[in-house]
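Peer 1: got a predicted model here, sequence first, then my questions.
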Amino acid sequence: MSEQSPGEDTHEEYADALPEYAERVLEVAERIPPGRVMTYGDVAEWLEEGGPRQVGRAMSLYGGAVPWWRVVRADGALLPGHELRALAHYRAEGTPLKEAARSAEGHLPRIDMRRARWDGGTDAEGHT
């Protein structure tokens, strides 16, 4: 039996390559104006490819260098595990928020999707 583990036989020249779909997702995230958001589904619809889960996967793996807090869940809930960092960005950018009800767990606000959602219209150069 070989001493090489299953993951060792990779193409090292492609190790730093960004998948084409992920690159397109990140380009959309970078276009979203400060104070506005798009849902994972909105991004997929904009790209005319994939769905919310594929966009979420691309953002979770590669989105650290773009304004990741502008790509959100459709219900406006803050990204679990990153709530406070995202909230700081939203407040700094003036993103419309809905204050949490007293009964809400953690008392964290949600994004006011009706006011914050961006359709890609103004300031957009068209589909990528």
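Peer 2: Alright, I've got the coordinates.
Peer 1: so where is this structure shaky, pLDDT-wise?
Peer 2: Along the chain, segments meeting pLDDT under 70 span 1-16, 102-106, 122-128.
Peer 1: show me the strands in it, by range?
Peer 2: Along the chain, the stretches classed as strands by DSSP state E are 38-39, 71-72, 97-98, 110-111.
Peer 1: a markdown table for the ones you listed, including distance to Gly81 and mean neighbour count?
Peer 2: To be clear about C-beta, it is placed using only N, CA and C from the backbone, and glycine gets the same treatment. Shown next, in a markdown table, are those (distance: least, Cβ to Cβ, whole Å; neighbours: other Cβ atoms under 10 Å):
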| stretch | distance to Gly81 | mean neighbour count |
| --- | --- | --- |
| strand 38-39 | 18 | 22 |
| strand 71-72 | 14 | 26 |
| strand 97-98 | 19 | 16 |
| strand 110-111 | 16 | 22 |
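Peer 1: what's the closest of those to Val55?
Peer 2: Closest to Val55 of the strands of the chain, according to Cβ to Cβ: strand 71-72, at 7.0 Å.
Peer 1: could I get the CA-only coordinates of stretch 88-105 as PDB?
Peer 2: Extracted in PDB, the C-alpha atoms of stretch 88-105 (Å, rounded to 0.1, in the frame of the first residue of the first chain):
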ATOM      1  CA  ALA A  88     -20.300  46.800  12.700                       C
ATOM      2  CA  HIS A  89     -20.100  47.000   8.800                       C
ATOM      3  CA  TYR A  90     -23.900  47.600   8.500                       C
ATOM      4  CA  ARG A  91     -23.800  50.400  11.000                       C
ATOM      5  CA  ALA A  92     -20.700  52.000   9.500                       C
ATOM      6  CA  GLU A  93     -22.300  51.900   6.000                       C
ATOM      7  CA  GLY A  94     -25.800  52.900   7.100                       C
ATOM      8  CA  THR A  95     -27.500  49.700   6.000                       C
ATOM      9  CA  PRO A  96     -31.200  49.800   7.000                       C
ATOM     10  CA  LEU A  97     -31.800  47.500  10.000                       C
ATOM     11  CA  LYS A  98     -34.900  46.400  11.900                       C
ATOM     12  CA  GLU A  99     -34.300  46.400  15.700                       C
ATOM     13  CA  ALA A 100     -34.800  43.000  17.300                       C
ATOM     14  CA  ALA A 101     -37.900  42.300  19.300                       C
ATOM     15  CA  ARG A 102     -37.300  41.800  23.000                       C
ATOM     16  CA  SER A 103     -38.200  38.200  22.700                       C
ATOM     17  CA  ALA A 104     -35.600  37.600  19.900                       C
ATOM     18  CA  GLU A 105     -32.700  35.400  20.800                       C
END
